[in-house]
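In: Next comes the sequence, and after it the predicted model I'd like to discuss.
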Amino acid sequence: MKVAVIGGGSSYTPELVNGFLERIGHFPLRELWLMDLSQERLDIVGRFAQRMVAVKGAPFSVHLTTDQREAVRGANYVTTQLRVGGMAARRGDEYLGQRHGLIGQETTGVGGMAKALRTIPVILKIAQDMQALAPGALLVNFTNPAGLVTEALNRYAPGVPAVGVCNGPITTKIRLLEGLEQRQGRKIGPEQAELDGLGLNHLSWYRGLKVEDREMWPDIFEAYLAEQRGKSHPTWDVRTLEALGMIPNSYLQYFYYTDRKLAEQQKWPPSRAEQVMSIEADLLRQYAELDRTEPPAGLMKRGGAYYSTVATQLLNAHYNDLGETHTVNARQAGTVPGWPEDWVLEMPCRVDRKGIQPLPAEPLPPVCFGLLAEVKAYELLTVEAAVHGDRDAAYQALLAHPLGPAADGIQAVLDDLLETNRAYLPQFAK
C-alpha cells in the first residue's frame, strides 16, 4: 500500500507518521511518500519521519520528493495538508481583515476566502494528477477551509473520490466524553461513542452523543450549561445555548460575538499566524535534532489536536471495510430532507470500502439554517471565483458573506485581497 502526503513538510507530519505506526498491524502501509515544494522543510521534517520509522523497525519506507506526480503515482490514498503561500500568507489573511475592520481569520470571513482562492486551483490539480496516475484512490483533504475545498472537488473533480476532514468534531467528542467519564466514574473510549452534529466545516452545531447506542445528550448538555454558568468569562451566553438546545462549533463565536472578536484583533500583534510561526520555528529546530525519534511535547501547541487519530482512523476504516461512523465533509446526497442534495456538509458518514456514505440526518432548525444558507451561498460563489478567476463572483461572495464588508466597501476589500495575493492568484491576472 502507498500513501502520498501532499504538504509533507508540514509540522503536523510527525503526528501523522505516529498514527500510521500505531496502526501498522491493521493498516499494512508499505510506502509513505512525503511531497513538499520546500526542499528545506522536506529535509527537516522528512528525515525526522524517517528516523521515527527506523527506530520502530522500519515497517514501511518513507520517500521524500518535490515532484507531485511522482508522489501521487500508484497511490492508494492521497492526503492534502498544504498551505499555499506558507504561514506568511496566513498572516496576510489575518491582517487583511484587521485593516478593513473585518474578521481576519484563517478559514472564516475575508481571510478564509483569500485562502480558498489560493488553494482550490492547487487541490484541483492534485485531483487531476490522481485521476491520471492513481485512478480510484481516495483523496482525504485536511487543507483549510476544508469544507469549501471539498465543495470545489465535488463540483470540479467528480471522478475523484474525496472527503474533507477536520479535527473539530473528534476534539469536541473527546472533551464531552471526558466530562461524562468524571460524572459516571468510568472510562469511555471515543470508539464507543457517536457524535451527532450537522452544518458546514467550522459552522456546525452538535446536538447528540450516543455511548454504546444510548443517547447521553440530556446529561451532557445540562453539564455543559452548568460549566458555562460557572465561568467568569463563558464561551457562550447561556441563554443562547438554552434557546438552541445545541452546542455550537467554536468558530461560531465569530458570527455570534463579532464585536468581541474584532476587539481581540486590536490587541495584535501577535496574531494567531505569528504565534504559530514562532511555535513552528521551535518545532523545526527540534525535528532537526539528529538523535530525536519522537515528536516533542510542543507539537500540541501547534493546534490540530487528534489530527493523526482522525486521519489514520478514517483510512483504516476505509481500507478494512469497518463501517465506522466518522464526522466528515461530503456531498449530502439527499440524506438531509429538504436541503439541496449537491451541498457538501460536515455530518456523520459511514466509512467502509464502498467509500464515504452520509447517514440520514434531521435538518437543522431555521435559526441555524438561515446562517448556514448564507455561508453556503458564499462558498459556492467562492468556488466559481477560484476556478474561473471570476471577479464578479468574488464580489458577490463578499456581498453574500454575513461577515463581509458593507456593500460600498466590497470593491476596496477585494482589490486589496487580490493585490496582496497576486503571486498566488494567476487565474485573476486576466
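Out: Looks like it arrived, so ask away.
In: drop to CA atoms for contacts and neighbour counts, all remaining ones
Out: Noted.
In: Could you chop this structure up by domain?
Out: Domain segmentation of the chain under automatic domain parsing yields 2-165+270-296, 372-428.
In: what's the spacing between the last one and its chain's center?
Out: Shown here is domain 372-428, whose average C-alpha point lies 20 Å from the average C-alpha point of the whole chain (Cα atoms, centre = their mean, to the nearest Å).
In: Could you do the longest one as well?
Out: Taking Cα atoms, centre = their mean, one finds the center of domain 2-165+270-296 at 11 Å from the center of the full chain.
In: Can you report phi and psi for the closest residue to residue 180 other than its chain neighbours?
Out: Nearest residue to residue 180 in three dimensions, chain neighbours excluded: residue 220, at 6.8 Å (Cα to Cα, 6 or more residues apart in numbering). When quoted as degrees, to the nearest 10, the phi and psi of residue 220 stand at phi -60, psi -40.
In: Contact partners for residue 220?
Out: The contact partners of residue 220, taken as Cα atoms under 8 Å, 6 or more residues apart in numbering, are 176, 179, 180.
In: Equivalent analysis for residue 135, please.
Out: If you count contacts by Cα under 8 Å, 6+ apart, then residue 135 has residue 160 around it.
In: tell me the contacts of the residue nearest to residue 284 when sequence neighbours are not counted?
Out: Spatially, and ignoring its direct neighbours in sequence, residue 284 is nearest to residue 44 (6.9 Å; Cα to Cα, 6+ apart). Residue 44 makes contact with 9, 284, 287, 288, according to Cα under 8 Å, 6+ apart.
In: which of those residues sit farthest apart?
Out: Using Cα to Cα, the contacts of residue 44 reach their maximum pairwise distance at 9 and 288, which is 12.4 Å.
In: Compare these two (neighbour count), which wins?
Out: Neighbour tally, residue 9 and residue 288, criterion other Cα atoms under 10 Å: the higher count belongs to residue 9, 27 against 16.
In: Checking that one next. Helix, strand or coil?
Out: The assignment at residue 9 comes out as coil when based on DSSP: H, G, I helix; E, B strand; the rest coil.
In: separation between it and residue 49?
Out: Distance, residue 9 to residue 49, using Cα to Cα, to the nearest Å: 10 Å.
In: Which phi and psi values does the spatially most distant residue from the centre of the chain adopt?
Out: Computed with Cα atoms, centre = their mean, the residue of the chain farthest from its C-alpha average is residue 185, at 32.7 Å. The phi/psi pair for residue 185 (degrees, to the nearest 10) reads phi 70, psi 30.
In: do residue 268 as well
Out: phi -60, psi 160.
In: Kindly report the same for residue 138.
Out: Phi and psi for residue 138, reported as degrees, to the nearest 10, are phi -90, psi 130.
In: cool, and residue 202?
Out: Backbone torsions for residue 202, taken as degrees, to the nearest 10, come to phi 60, psi 20.
In: Give me the pLDDT value at it.
Out: We have a pLDDT of 98 for residue 202.
In: which non-adjacent residue is nearest it?
Out: Nearest to residue 202 is residue 251, by Cα to Cα, 6+ apart, at 5.4 Å.
In: show me the contacts for the one you found.
Out: Contact partners of residue 251, counting by Cα under 8 Å, 6+ apart, are 108, 202, 203.
In: hmm, 10 Å instead?
Out: 105, 107, 108, 168, 201, 202, 203, 204 (Cα atoms under 10 Å, 6 or more residues apart in numbering).
In: thinking the fourth one is in contact with residue 250, fair?
Out: Going back to what we said before, that points to residue 168. Yes: assessed by Cα atoms under 10 Å, residue 168 is found in contact with residue 250 at 8.6 Å.
In: Output the contacting helices and strands for the longest helix along the chain.
Out: Of all the segments assigned as helix in the chain under DSSP state H, the longest by residue count is helix 109-133. With contacts defined as 3 or more Cα pairs under 10 Å, 6 or more residues apart in numbering; DSSP states H and E, helix 109-133 has these neighbours: helix 68-72, strand 77-80, helix 86-99, strand 138-141, helix 146-156, helix 366-388, helix 391-400, helix 410-420.
In: The first one - contacts with which helices or strands?
Out: With contacts defined as 3+ Cα pairs under 10 Å, 6+ apart, the secondary structure elements packing on helix 68-72 are strand 2-6, strand 31-35, strand 61-65, strand 77-80, helix 109-133.
In: Okay, now the sheet partners of the shortest one, with direction.
Out: For strand 77-80, the pairing partners within the sheet under DSSP bridges are strand 2-6 (parallel), strand 138-141 (parallel).
In: Identify the residues contacting it?
Out: Against strand 77-80 from outside (Cα under 10 Å, 6+ apart): 1-8, 32-35, 71-72, 123, 126-127, 130, 134, 136-144, 162-165, 311, 315, 319.
In: and the residue nearest the centre of the chain, helix, strand or coil?
Out: For the chain, residue 166 is the residue whose C-alpha lies nearest the centre (Cα atoms, centre = their mean; 3.6 Å). Under three-state DSSP, the three-state class of residue 166 is coil.
In: I'd like the distance between it and residue 107.
Out: Counting by Cα to Cα, the gap from residue 166 to residue 107 is 12 Å.
In: which residues do those two both contact?
Out: With contacts taken as Cα under 10 Å, 6+ apart, residue 166 and residue 107 have 144, 145, 146, 147, 201, 202 as neighbours in common.
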